[in-house]
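S.K.: my questions are about this predicted structure, shown below with the sequence.
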Amino acid sequence: MNAIIVDKLTKKFNGFTAVDELSFNVETGELFGLLGPNGAGKTTTINLLSTLLMKTSGTAQVAGHDVAKARDSVRKSIGVVFQDIALDIRLTGRENLEFHAMMYGMGKAERRARISEVLRLVDLEEKASMLVEKYSGGMKRRLEIARGLVHRPKVLFLDEPTLGLDAQTRRHIWDYIRKLNREAAVTIILTTHYMEEADALCGRVAIMDHGKFVALDTPAKLKDLLGGDVVSLEVEGNAAGLEEVLRGLGWIKKLKLHEDVFSLTMERGERRIPELIQTAQGLGIIVNCVHLRKPSLEDVFLHFTGRKIREEDMGQNGPFGSPARGRGGRS
Amino acid sequence: MAISTTAIYVLWLREMKRIMRAKSRIVGALAMPLFFLGFLGLGFKRMVVPGMSGGVQYIQFLVPGIIGMALLFSSTMGGLSVLWDKEFGFLKEIMVTPVSRVSIVLGRMAGGMTTALGQGVMILIISMVGGFRPRGIIPLVLAFAFMILISMAFLGLGLIFASRMKDMQGFGIVMNFVIFPIFFLSGALYPLSNLPVYFRILTYVDPLTYGLDGLRGALIGVSAFPIGFDLLIMSSVSLVMVFLGAFFFEKSENA
């Protein structure tokens, strides 16, 4: 069963194509990531799927409803956590949730039960009666995630859920996201420009650039596209002899020898290191140093676009762009 | 396009909670009209204003004008408050809910109207404490009807501007070039017959002119046009404004 079916979805703003004939499916229960630099079209894609923007062409279905024709049915089936905080800071945490639940037509008893349930999920029970004005950034985010879940959506959109949060808070948010994907069985679409976030959370990742997907697969498979891990061996002794033996091993995809240092490309490098050392020792060669490098999604992005994701960020906001403004931009 | 009473109620409730928590805002919103009333009323107390029907004191003339002023400013701000929600992102939260846009507009209007009418009534009460005497209960009810119509018209106007504007940048322009002219051309502070002819034409296209005239007719029994005529014009204008406000709000993309 697909929670989301997108076919040639396109959005143009005054001639600028933000989303360019995008086609993809997301399965029910999946945790799907949209990864790309600012301005890649991630937020526009989310806004199209959550009915906030009207498409220029193409079709999209969310939870079985067409986003252009059955907007209210789509709205009932989804929860959205926006990139920018979208809370009423003059209300308390609980009042924000109450407002939301009432807008979704939930009855009083159901509302009360569900609100304490989601508050518990994000550990905000004790702060629920505080004005949101006084919340920290991480608390606001958690409240928003809770709010996105109040009406039991089938699909939850998280647009840059950890942007601007410190490393510790980010890890907490990741735990909440995993928990609700697992326990509440919600399909989650998440956008991010943090490589490690997509890697840590998503079952599948679409790498987006200039309104298009340049790659779409599991993080592991995407990284495998690069040929696997790189193991470096620094040896003492007959390096040429070892090279001959290593070239005979089928699982080494690439071999480079520079002075005494071998660079070997292989899959699952951590499992091969003992064998490499034994082989070397069998030939009477001493291994002085071993280094294992796993490719990151950063490498994958570089591979597909020829750029680093951070360079793009700089180009978008400029060195003088304030972070607050940068967050407001379409991406 | 179903109208959800729950949604209207919860949007109204949100507005009430916000207002109740911002007491300084209530005081601030009442201060300007009361200053106008106090200083102009006292300053021009002994003045005979030409163009005014005999026997009407300036302060009597001024009270309905100041009530209209409070309604004008408060209602326009109520409509424009959509911009605040846009700025703080909360509008997206509202727009992504499965509630018809009409209900959202009605909920906002209910909240804005309660606030505006609350202010208008408070000013009326304060003036009554200060000696202003309306003509009776039925005229008060009629005056209240005019207050509702004025509020509706300018909530609609505020909503039109809010839907056409991206952020709060244009706020000052709307205030200075739309709201203040509407205020000064409405005859809130002086009889319009004192204005030169070419200005008087502008006063006839200012909807607040008819709202104030009706309010004055109801409260002090003196009006430039027949009250029925004021009521007819004001009802049509407010319906059109509300309709246009809802139309533009519906059409605006809020992502």
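M.R.: Here it is on my side, so go on. Numbers count the residues shown, from 1 in each chain, chains lettered A, B, ... in the order given.
S.K.: and chain A, which residues reach chain B?
M.R.: Chain A has residues A:44, A:47, A:50-54, A:72-73, A:75-76, A:78, A:80, A:82, A:84-91, A:95, A:98-100, A:102-105, A:131, A:147 near chain B, with proximity defined as Cβ under 8 Å from any Cβ of the partner chain. For glycine as for every other residue, the C-beta is placed from the backbone atoms N, C-alpha and C.
S.K.: so, low pLDDT: which residues of chain A?
M.R.: When residues are selected by pLDDT under 70, those of chain A lie in A:308-331.
S.K.: tell me the domain ranges of it?
M.R.: The record's domain parsing of chain A by automatic domain parsing lists A:2-223, A:227-293.
S.K.: same list (those domains) but as CSV, adding mean neighbour count and distance to residue B:201.
M.R.: As requested, those are exported to CSV (neighbours: other Cβ atoms under 10 Å in any protein chain shown; distance: least, Cβ to Cβ, whole Å):
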stretch, mean neighbour count, distance to residue B:201
domain A:2-223, 20, 39
domain A:227-293, 15, 80
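S.K.: tell me the contacts of the closest residue to residue A:40 other than its chain neighbours?
M.R.: Once its chain neighbours are removed from consideration, residue A:40 has its nearest residue in residue A:208; the separation is 4.4 Å (Cβ to Cβ, 6 or more residues apart in numbering or on different chains). Applying Cβ atoms under 8 Å, 6 or more residues apart in numbering or on different chains, one finds that residue A:208 lies in contact with A:34-36, A:40-42, A:45, A:214.
S.K.: ok, of those residues, which one's closest to residue B:196?
M.R.: Within these, distances to residue B:196 taken as Cβ to Cβ reach their minimum at residue A:41, with 57.4 Å.
S.K.: which residues does that closest one contact?
M.R.: Applying Cβ under 8 Å, 6+ apart as the definition, the contact partners of residue A:41 turn out to be A:11, A:18-20, A:22, A:208, A:210-212, A:331.
S.K.: among the residues you listed, which are in strands?
M.R.: Assignment to strands by DSSP state E places the following of those there: A:11, A:18-20, A:22, A:208, A:212.
S.K.: around chain A, pick out the residues from chain B.
M.R.: On the criterion Cβ under 8 Å from any Cβ, chain A has as its neighbours in chain B the residues B:4, B:6-7, B:9-10, B:14, B:17-18, B:21-22, B:88-100, B:253-255.
S.K.: are any of those buried, and which?
M.R.: Of the members of the residues of chain B next to chain A, the ones counted as buried by neighbours, 16 or more other Cβ atoms under 10 Å in any protein chain shown, are B:4, B:6-7, B:10, B:14, B:17-18, B:88-100, B:254-255.
S.K.: picking that back up, distance to residue B:247 for the domains of chain A - can I get that in TSV?
M.R.: Below are those laid out as TSV (distance: least, Cβ to Cβ, whole Å):
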stretch	distance to residue B:247
domain A:2-223	16
domain A:227-293	58
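S.K.: what's the closest of these to residue B:109?
M.R.: Ranking the domains of chain A by distance to residue B:109, with Cβ to Cβ as the measure, places domain A:2-223 first at 16.6 Å.
S.K.: span of the closest one from start to end?
M.R.: As for domain A:2-223, its first-to-last residue distance stands at 25 Å under the measure Cα to Cα, to the nearest Å.
S.K.: wait, isn't residue A:12 in contact with residue A:56?
M.R.: Yes: in this structure, residue A:12 is within contact of residue A:56 by Cβ atoms under 8 Å, at 4.6 Å.
S.K.: which residue ranges of chain A form strands?
M.R.: With DSSP E as the criterion, chain A has strands at A:2-13, A:16-27, A:31-35, A:57-62, A:65-66, A:78-81, A:155-159, A:187-192, A:204-209, A:212-217, A:229-236, A:254-258, A:261-266, A:286-293.
S.K.: need these in CSV with distance to residue B:210, can you?
M.R.: Compiled in CSV, the strands of chain A are given as follows (distance: least, Cβ to Cβ, whole Å):
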stretch, distance to residue B:210
strand A:2-13, 42
strand A:16-27, 46
strand A:31-35, 54
strand A:57-62, 48
strand A:65-66, 47
strand A:78-81, 44
strand A:155-159, 48
strand A:187-192, 52
strand A:204-209, 56
strand A:212-217, 57
strand A:229-236, 80
strand A:254-258, 84
strand A:261-266, 82
strand A:286-293, 78
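S.K.: most remote residue from the middle of chain B, which is it?
M.R.: residue B:98 (30.2 Å; Cα atoms, centre = their mean).
S.K.: now do the contacts for the residue lying closest to that one once chain neighbours are set aside.
M.R.: On the basis of Cβ to Cβ, 6+ apart, the spatially nearest residue to residue B:98 that is not a chain neighbour turns out to be residue A:75, at 3.8 Å. For residue A:75, the contact set (Cβ under 8 Å, 6+ apart) comprises A:50-51, B:96-98.
S.K.: rerun at 7 Å
M.R.: The contact partners of residue A:75, taken as Cβ atoms under 7 Å, 6 or more residues apart in numbering or on different chains, are A:51, B:96-98.
S.K.: any chance of these in TSV with secondary structure as columns?
M.R.: Listed next are the contacts of residue A:75 as TSV, based on DSSP: H, G, I helix; E, B strand; the rest coil:
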residue	secondary structure
A:51	coil
B:96	coil
B:97	coil
B:98	coil
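S.K.: what's the most distant pair in those?
M.R.: A:51 and B:97 (10.3 Å).
S.K.: check the gap between the nearest residue to residue A:59 once chain neighbours are set aside and chain B for me.
M.R.: Using Cβ to Cβ, 6+ apart and skipping residues adjacent in sequence, the residue nearest residue A:59 is residue A:7, 4.9 Å away. Counting by Cβ to the nearest Cβ, to the nearest Å, the separation of residue A:7 from chain B is 21 Å.
S.K.: what sits against residue A:7?
M.R.: Residues in contact with residue A:7 (Cβ under 7 Å, 6+ apart) are A:23, A:58-59.
S.K.: at 10 Å instead, please
M.R.: Residue A:7 is in contact with A:21-25, A:58-61, counting by Cβ atoms under 10 Å, 6 or more residues apart in numbering or on different chains.
S.K.: which of those residues lies closest to residue B:35?
M.R.: Residue B:35 lies nearest to residue A:60 out of the contacts of residue A:7, by Cβ to Cβ, at 55.2 Å.
S.K.: what pairs with the closest one across the strands?
M.R.: residue A:6 (DSSP bridges).
S.K.: verify the contact between it and residue A:46 for me.
M.R.: No: using Cβ atoms under 10 Å, residue A:60 makes no contact with residue A:46, being 11.2 Å away.
S.K.: ok, what's across the strand from residue A:34?
M.R.: Beta-bridge pairing of residue A:34 under DSSP bridges involves residue A:191, residue A:206.
S.K.: for residue 56, give me its contacts.
M.R.: Looking at chain A here, since you left the chain open. The contact partners of residue A:56, taken as Cβ under 10 Å, 6+ apart, are A:9-13, A:17-19, A:48.
S.K.: actually, chain B is the one I wanted.
M.R.: For residue B:56, the contacting residues are B:49, B:191, B:216, B:220-222, by Cβ under 10 Å, 6+ apart.
S.K.: again, only using 6 Å
M.R.: For residue B:56, the contacting residues are residue B:222, taking Cβ atoms under 6 Å, 6 or more residues apart in numbering or on different chains as the criterion.
S.K.: could you check the pLDDT of residue B:253?
M.R.: The score at residue B:253 is 66. That number is its pLDDT.
S.K.: residue B:66: which element?
M.R.: In this assignment (DSSP states H and E), residue B:66 forms part of helix B:58-87.
S.K.: may I see the buried residues of that helix?
M.R.: So for helix B:58-87, counting by 16+ other Cβ under 10 Å, buried means B:58-83, B:85-86.
S.K.: many thanks, have a good one.
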